[in-house]
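Novice: would you be able to build a 3D model of this:
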Amino acid sequence: MRLFKKLLIGILLVATIAVVVYYPNLKNVWRAIHFFDKEVIVENFTTINRNWKTLEIKRPVVPYIFPKGHQMNLPEAFSYKTKTFNSKDYLDSSFTTGFLILQDDSLTFEKYYLGNTDTTRHISWSLAKSFVSALFGIAMEEGYIKSLEQHVDEYLPGLKGSGYEGVKIKDVLQMSSGVKFNEDYGDFFSDINRWGRYFAWGASQEKFAASLKKDVPPGTYRRYVSINTQVLGMIIVKATRKSLTQYLQEKIWQKIGMEYSGYWVVDNEGMEVALCGLNATLRDYAKFGQLYLKKGNWQGAQVVPEKWVHASITPDAPHLMPGKNSNSDSEFGYGYQWWVPEGDDEEFMGLGVYNQDIYINLTTKTVIVKNSANHRFNEKGNPYADRFVILELYRAIAHSSNALLSSNDLQIK
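Specialist: Numbers count the residues shown, from 1 in each chain. You can find the predicted model right below:
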């Protein structure tokens, strides 16, 4: 009996020490699991720097301010297939937090909802991927990265033996790495949610990438794998010997006059969460969209190489083409971390989970940005989370300058 008591006391002591030591990690994992709950999602999407480690992206001394254009009206309604949606109801039901339109280089519509303002820095989620792509193109132009034909493990030897060994950088850029991965946010046990808990625990992102296995031959099937972008980010850091935050600040943030400072979430090793951790204001997301509308040129200075911008928005292989495609997991086409819809317009999009969007139409010279906190995003069949539905709203806006619904009447409750 005495031995049993001593053993029990020992077990309780070890358990108590473990709880004390790992309490911050356990708290972060619990926070990650409940991050998207209806009651907290809006606040969580705009206050990530309160609970997670971040690095600041400093604004320039003299920011660029968009000129105000003729304030346009939104279309009263738009259609997708056989269904018609009221524009106000759609923005309301997709839990929009900010909506902005640039037309012909001017700010023509800007509204904030659910407590957000023009100074609110909002999580990008996968919009960050398009920023990483831009940085990758700049790093190649500056000679830090030799060729897209190189294998990722030439820069990241820690990935040898993983699904990334022998995979070309270009295939990673085009979400065609061949790595096995489940990106279903609605599945608690999916790889992307497993990564989220892994990150929240404080574990190495490179080690997580190294744990992934190959599924199909690289360059044959387009499957969305968020960790691909993390690999790209790690290559940039390894090649330039600069953090993503520093490189973004020097090469883009300062050069195009971002209006506000941003910040990037980092792990315990100081590596940015390249795949989704960027935070910025709605106007500054729009400024990045405007940069790509101008093919990487900002007021006469080529910030992102024009050839890179063109390649980024041009699917160049059968498995990357938009439309029904047996070699792709989406009917959207894909370039270098940019989505390309099927259609006659020169359109492309940056997309983030829970409905973060940058829509760019080269034909109509339109940029549209939408931030959201859509807690219903993972509901199957929900039209208010469907990218193909909202694409039709963007198209209606881009092609309409005399809609009936006044922006002054658009209020989200």
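Novice: going forward, measure contacts and count neighbours with C-alpha atoms only.
Specialist: OK.
Novice: what about Ile169, how many residues nearby?
Specialist: Using other C-alpha atoms under 10 Å, Ile169 has 23 neighbouring residues.
Novice: I'd like the mean pLDDT over stretch 80-97, please.
Specialist: Averaged over stretch 80-97, pLDDT sits at 97.
Novice: contacts for that stretch?
Specialist: Residues from elsewhere that reach stretch 80-97 (C-alpha atoms under 8 Å, 6 or more residues apart in numbering): 74-79, 112-116, 355, 370-376, 384-385, 388-389, 392-393, 410-413.
Novice: cool, stretch 366-377 as well?
Specialist: Residues outside stretch 366-377 that contact it (C-alpha under 8 Å, 6+ apart) are 36-38, 41-42, 45, 94-104, 122, 282, 285-286, 289-290, 293, 353-361, 382, 384-385, 394, 398.
Novice: buried by neighbour count, from these: which ones?
Specialist: Buried members of the contacts of stretch 366-377, scored by 16 or more other C-alpha atoms under 10 Å, are 36, 41-42, 45, 94-103, 122, 282, 285-286, 289-290, 293, 353-361, 384-385, 394, 398.
Novice: so of those, which ones are in helices?
Specialist: Mapping those onto helices (DSSP state H) picks out 41-42, 45, 282, 285-286, 289-290, 293, 394, 398.
Novice: just curious, which of these is nearest to Ala200?
Specialist: Nearest to Ala200 among these is Phe45, at 15.7 Å by C-alpha to C-alpha.
Novice: quick one: average pLDDT of stretch 207-222?
Specialist: Averaged across stretch 207-222, the pLDDT comes to 97.
Novice: restricting to C-alpha, output that stretch in PDB.
Specialist: The C-alpha trace of stretch 207-222 is given here as PDB (Å, rounded to 0.1, in the frame of the first residue of the first chain):
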ATOM      1  CA  LYS A 207       9.900  19.100 -39.700                       C
ATOM      2  CA  PHE A 208       6.200  19.000 -40.500                       C
ATOM      3  CA  ALA A 209       6.900  19.400 -44.200                       C
ATOM      4  CA  ALA A 210       9.500  16.700 -43.800                       C
ATOM      5  CA  SER A 211       6.900  14.300 -42.500                       C
ATOM      6  CA  LEU A 212       4.800  14.500 -45.700                       C
ATOM      7  CA  LYS A 213       4.900  11.700 -48.200                       C
ATOM      8  CA  LYS A 214       4.700  11.500 -52.000                       C
ATOM      9  CA  ASP A 215       1.300  10.500 -53.500                       C
ATOM     10  CA  VAL A 216       1.600  11.000 -57.300                       C
ATOM     11  CA  PRO A 217       4.400  12.000 -59.700                       C
ATOM     12  CA  PRO A 218       5.200  15.700 -59.400                       C
ATOM     13  CA  GLY A 219       3.900  17.900 -62.200                       C
ATOM     14  CA  THR A 220       1.000  15.600 -63.200                       C
ATOM     15  CA  TYR A 221      -1.800  16.500 -60.800                       C
ATOM     16  CA  ARG A 222      -2.800  19.900 -59.400                       C
END
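Novice: what residues of it count as buried?
Specialist: For stretch 207-222, the neighbour count (16+ other C-alpha under 10 Å) marks 209-210, 212-214, 218-222 as buried.
Novice: repeat for stretch 39-58
Specialist: Neighbour-count burial for stretch 39-58, counted by 16+ other C-alpha under 10 Å, picks out 41-46, 48-49, 54-58.
Novice: nearest residue to the middle of the chain?
Specialist: Taking C-alpha atoms, centre = their mean, the centroid of the chain lies closest to Ser126, which sits 1.5 Å from it.
Novice: mind listing what that one touches?
Specialist: By C-alpha under 8 Å, 6+ apart, the residues touching Ser126 are 275-276, 350-353, 356.
Novice: how about the strands of the stretch 201-350 of the chain, start to end?
Specialist: Assigned strands in the stretch 201-350 of the chain, in chain order: 262-265, 278-280, 297-298, 301-302, 333-334, 339-340, 347-352 (criterion: DSSP state E, counting those that start in this stretch).
Novice: tabulate these (CSV), appending mean neighbour count, distance to Arg197 and mean pLDDT.
Specialist: As requested, the strands of the stretch 201-350 of the chain are exported to CSV (neighbours: other C-alpha atoms under 10 Å; distance: least, C-alpha to C-alpha, whole Å; pLDDT from 0 to 100):
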stretch, mean neighbour count, distance to Arg197, mean pLDDT
strand 262-265, 24, 15, 98
strand 278-280, 27, 18, 98
strand 297-298, 19, 39, 98
strand 301-302, 12, 40, 98
strand 333-334, 29, 28, 98
strand 339-340, 26, 27, 98
strand 347-352, 23, 19, 98
